[in-house]
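**Q** just a sequence and a predicted model for now, questions to come.
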Amino acid sequence: MVVLSHPALDRLVARETFAEMLDALRPFELVIAGLRMEGLSGTEISEVLALDPSAVWRRVEQAKARVIEEVPELRADLSKRRWRRH
């Protein structure tokens, strides 16, 4: 088996994988992900969206499960991530 490793190729693969992950998310989950990427905590996101913090956490966990199902190669990375509620 030939294994190719090149920074440009690695970036392309990462971009394609990221696009697959985004495709797996529902619109509301994209909003939550965008707010999280902006650095908001789970509590802050719940305040912005007028939701209970546990509802935000459940949405994140459901989204992670769906992404793992649709893009199995992300299981190891997503399983390590912990949602910061506060």
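**A** Arrived safely. None of the values given here were measured: they were computed from a predicted structure. Residues are numbered from 1 along each chain as shown.

**Q** mind checking pLDDT for residue 11?
**A** What the model reports as pLDDT for residue 11 is 74.

**Q** sec struct for it, please.
**A** Put simply, residue 11 is helix when judged by DSSP: H, G, I helix; E, B strand; the rest coil.

**Q** number of residues surrounding it?
**A** 10 (other Cβ atoms under 10 Å). Quick note: C-beta positions are derived from backbone N, CA and C, even for glycine.

**Q** just the helices in this structure please.
**A** 7-24, 27-37, 42-49, 53-70, 75-80 (DSSP state H).

**Q** can you pull the buried residues of the second one?
**A** Put plainly, it is helix 27-37. For helix 27-37, a neighbour-count test (16 or more other Cβ atoms under 10 Å) marks 29, 32-33, 35-36 as buried.

**Q** helices or strands up against it?
**A** With contacts taken as 3 or more Cβ pairs under 8 Å, 6 or more residues apart in numbering; DSSP states H and E, helix 27-37 sits against helix 42-49, helix 53-70.

**Q** buried stuff in the shortest one?
**A** It stands for helix 42-49. For helix 42-49, by 16+ other Cβ under 10 Å, it's 42, 44-46, 49.

**Q** pick out the most distant pair among the residues you listed.
**A** In terms of Cβ to Cβ, the buried residues of helix 42-49 reach their longest pairwise distance at 42 and 49, which sit 10.6 Å apart.

**Q** any shared contact partners between the two?
**A** Taking Cβ atoms under 8 Å, 6 or more residues apart in numbering as the criterion, residue 42 and residue 49 both touch residue 56.

**Q** so where is this protein shaky, pLDDT-wise?
**A** 1-6, 9, 82-86 (pLDDT under 70).

**Q** quick one, what contacts residue 25?
**A** So residue 25 contacts 33, 63, 66-67 (Cβ under 8 Å, 6+ apart).

**Q** dihedrals phi and psi, it?
**A** phi -90, psi 150 (degrees, to the nearest 10).
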